[in-house]
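In: With the input below, show me the fold.
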Amino acid sequence: MILKEVVVMSKKKYGVIGHPIGHTLSPFIHTRLMKLSGIDGEYGVYDIFPDELDKCFADTLSQLDGFNVTIPHKQAIIHLMNETDQTAKLYGSVNTVHITRSSENNYTAKGYTTDGIGFVSALKTAGISLNGTVTIAGCGGVGRVFANTCAKAGCKLNILETAVSLDFARKFADELNARFNCETAKVYETALFNGESDLFINATPVGMFPKVNNCVVSDSIIEKSGAVFDAVYNPSQTLLVSKAQSMGIKALSGMTMLVYQAAASQTIWNGSHFDNKDIEKLAEDCYKELAGK
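Out: Presented below is the predicted three-dimensional model:
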């Protein structure tokens, strides 16, 4: 009798962490992406309080094959990484973690950011140029990625923050200007800003479900913007995007970016690659999925 060696492939496990995480489309997106690339995997949701991050990482997250990171953990997760990709280290933000194992109890956690890839791809899909003066509301995890991406493209930046966070924003602007050897970034209190922009970006949670009637800036700021990008994707059309479109301004929500950055995460985890048409179709289906919730 000839014995054949049977290799049992375990199901890969991924997830997303954040707080509050609420309804997230990440499981829907990654399940579709894994199906497209033939990956046998599952994707969970982990609502983790900020003061519980370290414990949850040791107990649960480190047992996964990888996970995505959203507000408010994109910066806090960095100190738990064994390695950090150069771009994530430079931008001070991690949204994708890859766990690799040499044995059951020995693992390496490496942090990446795919937000920049998703951001640039989304703008390109919508026909929005990345040049001139860009105003960014918020300089947390994703805001830092946007700012670095825009500065690298040669844009001048207005960074908007609330009064209590101005010192934090100024420190970040100084780092940005030193990095690119220029005076590209200026900081303003959001409530007092009244300038013009070729592109206005919301990098804050303002307008996110369930507080859908909130808008990060006044109508006068929106009117002075050549285009608008809102990183928020739930609801599918935020008040900011709705206002901009009613003024005849090209505006885009964060859904396409979300799908593109998710695809980049799958590339990191599994080496998967996707056709742009599949990504755009998935973004359309995400809007339908969101409308059904």
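
In: Any regions of the chain where pLDDT drops low?
Out: Low-confidence segments of the chain (pLDDT under 70): 1-9, 293.

In: how about the helices in it?
Out: Taking DSSP state H as the test, the helices found in the chain are 26-37, 53-59, 86-91, 115-126, 141-152, 166-179, 219-223, 239-246, 255-270, 276-291.

In: now Val217: how far from Leu166?
Out: Note on Val217: its distance to Leu166, by CB to CB, to the nearest Å, is 16 Å. (Each C-beta comes from the backbone N, C-alpha and C, glycine too.)

In: Between the two, which has more neighbouring residues?
Out: Shown here are Val217 and Leu166; by other CB atoms under 10 Å, Val217 has more neighbours (22 against 16).

In: Need phi/psi at the more buried one.
Out: phi -140, psi 170 (degrees, to the nearest 10).

In: what's it in contact with, if anything?
Out: For Val217, the contact set (CB atoms under 8 Å, 6 or more residues apart in numbering) comprises 137, 160, 190, 193, 200, 202, 240.

In: farthest-separated two in those residues?
Out: In terms of CB to CB, the contacts of Val217 reach their longest pairwise distance at Phe193 and Leu240, which sit 14.6 Å apart.

In: Compare the two (neighbour count), which wins?
Out: Leu240 (27 against 20).

In: Identify the residues contacting that one.
Out: 202, 207, 215-217, 222, 228, 230, 232, 251.

In: could those residues go into JSON lines alongside distance to Gly38?
Out: Shown next, in JSON lines, are the contacts of Leu240 (distance: CB to CB, whole Å):
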{"residue": "Asn202", "distance to Gly38": "36"}
{"residue": "Gly207", "distance to Gly38": "37"}
{"residue": "Cys215", "distance to Gly38": "42"}
{"residue": "Val216", "distance to Gly38": "41"}
{"residue": "Val217", "distance to Gly38": "44"}
{"residue": "Ile222", "distance to Gly38": "44"}
{"residue": "Val228", "distance to Gly38": "38"}
{"residue": "Asp230", "distance to Gly38": "34"}
{"residue": "Val232", "distance to Gly38": "32"}
{"residue": "Ala251", "distance to Gly38": "36"}
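
In: Can you name the two of those that sit furthest apart?
Out: Distance extremes for the contacts of Leu240: the farthest pair is Ile222 and Val232 at 14.7 Å, using CB to CB.

In: Those two: which is more packed in?
Out: Taking neighbours as other CB under 10 Å, Ile222 and Val232 compare with Val232 leading, 25 against 21.

In: list the contacts for the more buried one?
Out: 202, 205-208, 238, 240, 253-254.

In: please redo it, this time with the cut-off set to 7 Å
Out: Val232 is in contact with 202, 205, 207-208, 238, 253-254, counting by CB atoms under 7 Å, 6 or more residues apart in numbering.

In: State the number of residues packed around Thr113.
Out: Neighbour tally, Thr113, other CB under 10 Å: 29.
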